[in-house]
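[1] Show me the folded form of this:
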Amino acid sequence: MGRPEGFDRVRKLPLVGRAADWGMGSSAVSKKTKKAGARIAGLKATESICPYCAVGCGQVVYTRGDELIDIEGNPRSPINQGTLCPKGSSSRQLIQQPGRLTKVLYRRPHGTEWEELELETAMDMIAQRVIDARESGWQTTDERGWRVDRTLGFASLGGATLDNEENYLIKKSFTALGAIQVENQARI
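    Here you go, the predicted structure:
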């Protein structure tokens, strides 16, 4: 989308045209700005989807090698048209936040200190607790004697930071385990 034709005609007038060009074109850019260049020059741009809510806003992720440089809204996305909400705008912090936990921390019952665990150990502990909760809360029949084959030993409450695919897998997994209390707060 360029300037209107009427403006181009005004620019061609002898004295008025020069006045209309003031503050535009190459004279409007300082030497320092010309030397700086584009902020994203030489970066790899990858189109992606925001990892937060299930809306599916488009993002453009700029990287140099393996280093994340910037994330912006994708102007080609029909959903957000280049804009991002506050959570989407800060999604770069998911990776680059200095306080981000990168190890499994565990505090034993009645403990006062956190201890680091190997991921495999933590996953085994979670799996055993799911199995124990399922077995202790298992119901083959309800109070009327009807067969229900379910557990009330655990439930799932999803959130707005989970995408549709994650919620689908959680629903399928918990249902396969016999859980009937599977909910998600994101009503999008």
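
[2] what sits up against the helix or strand hosting residue 133?
    If you go by DSSP states H and E, residue 133 is part of helix 119-136. Helix 119-136 has contacts (Cβ atoms under 8 Å, 6 or more residues apart in numbering) with 104, 106, 117, 151, 153, 154, 177, 178. C-beta coordinates here come from the backbone N, C-alpha and C atoms, glycine included.

[3] Quick check: mean pLDDT of that helix?
    In this model, helix 119-136 has a mean pLDDT of 96.

[4] how about the helices in this protein?
    5-11, 14-21, 31-36, 86-89, 93-96, 119-136, 164-176 (DSSP state H).

[5] number of nearby residues for residue 50?
    When neighbours are counted by other Cβ atoms under 10 Å, residue 50 registers 24.

[6] Provide the backbone phi and psi angles at it.
    Note on residue 50: its backbone torsions stand at phi -60, psi 140 [degrees, to the nearest 10].

[7] residues contacting it?
    56, 57, 58, 59, 84, 87, 88, 91.

[8] Deepest-packed of the helices of the chain, please.
    Highest mean neighbour count among the helices of the chain (mean count of other Cβ atoms under 10 Å): helix 86-89, with a mean of 15.

[9] list the helices and strands it packs on?
    Using 3 or more Cβ pairs under 8 Å, 6 or more residues apart in numbering; DSSP states H and E as the contact test, no helix or strand touches helix 86-89.

[10] From residue 95, how far out is the most centrally placed residue in the chain?
    Nearest residue to the geometric centre of the chain (Cα atoms, centre = their mean): residue 51, 2.0 Å. Going from residue 51 to residue 95 by Cβ to Cβ, to the nearest Å gives 10 Å.

[11] Over to residue 89?
    Applying Cβ to Cβ to residue 89 and residue 95 gives a distance of 14 Å.

[12] measure stretch 14-28 end to end?
    20 Å (Cα to Cα, to the nearest Å).
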